[in-house]
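> Below is the sequence, then the predicted model.
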Protein chains: 2
Amino acid sequence: AQLALERDYEAQREIDTRYRVLMEATRDAIVLVSMATGRIVDLNGAAALVLGAARGELMGAAIAQEFEGRRRGEFLESMANLAVIDSAPPVELTARRSGSRVVVVPTVFRAAGEQLLLCRLETPATRAPFQDELG
Amino acid sequence: AQLALERDYEAQREIDTRYRVLMEATRDAIVLVSMATGRIVDLNGAAALVLGAARGELMGAAIAQEFEGRRRGEFLESMANLAVIDSAPPVELTARRSGSRVVVVPTVFRAAGEQLLLCRLETPATRAPFQDELG
């Protein structure tokens, strides 16, 4: 049983490492938000760049306050609605700190009983070529 | 102790879910390869598209054979060398099944005692804009 536990622990650490390496290897700006609190639970370096602050400063911050003119409830509700509608129009917002125009592409999912929101933050420069290629 | 174990299990499932959602949410084509066997241990839909086969068909396949003119040892060695050199030139290869020209950007990491290789597969159309923006 001890050995089985150790194997579980190793497997857990492996996925954890894969997740972290993947977050930094992707060129997409990625933010994970708790739907319960509206706060950022993780983000990668590309997302910190788009939002205009250090990663450490953004961890735990309320996501709605990172965009201009968005209140918390309204922001989370619109993201949750978008995420379940396949053909919903993308939401274009302005990042408060950097002034960048950002298209937010949301995915809502449930993990360990908690609802999480993954947002891909697309800027005009990174948006077009992927659409051309992948439809 | 039972409760602690259950919490560990939940935490593990949560990271696992995050990893899977992230793999599909990123627009980058991502392939994970075991350095011990040279075989694909995971890939996302975008990578399957670039390599030109169904995801299920590519899982477990030898990565070197997915590119033209590359033998297994040579491929893994060149990826491992690239991954530790910051300013190494990117390796441009041709995907055997799709005929696509692909620039392979490797990251080597250790997880649970095993060496893994994460490859970001960039095609010419998706490569330039990110470079312009993020340097």
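Arrived safely, thanks for sending. Numbers count the residues shown, from 1 in each chain, chains lettered A, B, ... in the order given.

> Please point out which parts of the strand or helix carrying A:Val50 sit buried.
In this assignment (DSSP states H and E), A:Val50 forms part of helix A:45-51. For helix A:45-51, a neighbour-count test (16 or more other CB atoms under 10 Å in any protein chain shown) marks A:Ala46, A:Ala47, A:Ala48, A:Leu49, A:Val50, A:Leu51 as buried. Yep, even glycine has a C-beta here, placed from its N, CA and C like the rest.

> Run through the residues that contact the residue positioned nearest the centre of chain A.
Residue closest to the mean C-alpha point of chain A, counted by CA atoms, centre = their mean, is A:Val31 at 2.2 Å. By CB atoms under 8 Å, 6 or more residues apart in numbering or on different chains, the contact set of A:Val31 is A:Ile40, A:Asp42, A:Leu43, A:Ala47, A:Leu51, A:Ile63, A:Leu118, A:Cys119, A:Leu121.

> and what of A:Ala95?
Going by CB under 8 Å, 6+ apart, the list of residues near A:Ala95 reads A:Val50, A:Leu51, A:Gly52, A:Glu66, A:Phe67, A:Glu68, A:Arg101, A:Val102, A:Leu121.

> Ok, A:Val91 next?
With CB under 8 Å, 6+ apart, A:Val91 has these contacts: A:Ser78, A:Met79, A:Leu82, A:Val103, A:Val104.

> what pLDDT does the third one get?
Put plainly, it is A:Leu82. Model confidence at A:Leu82, given as pLDDT, is 74.

> Wasn't it part of a strand?
No. Read with DSSP: H, G, I helix; E, B strand; the rest coil, A:Leu82 is helix and lies in no strand.

> measure it to A:Val91 for me?
Taking CB to CB, to the nearest Å as the measure, A:Leu82 falls 6 Å from A:Val91.

> now the first one
Going from A:Ser78 to A:Val91 by CB to CB gives 6 Å.

> Check the fourth one too.
Using CB to CB, one obtains 7 Å as the distance from A:Val103 to A:Val91.

> Show me what the closest residue to A:Val84 other than its chain neighbours is bridged to.
Distance criterion CB to CB, 6 or more residues apart in numbering or on different chains; nearest residue to A:Val84, sequence neighbours excluded, is A:Val108 at 7.1 Å. Note on A:Val108: beta-bridge partners A:Leu117, judged by DSSP bridges.

> hmm, back to that, and of the contacts of A:Val31, the nearest to chain B?
A:Leu118 (5.4 Å; CB to the nearest CB).

> residues in contact with the helix holding A:Val50?
Residues contacting helix A:45-51 (CB under 8 Å, 6+ apart): A:24, A:26-31, A:43, A:54-55, A:58, A:66, A:95, A:97-98, A:100, A:102, A:121, A:123, B:134.
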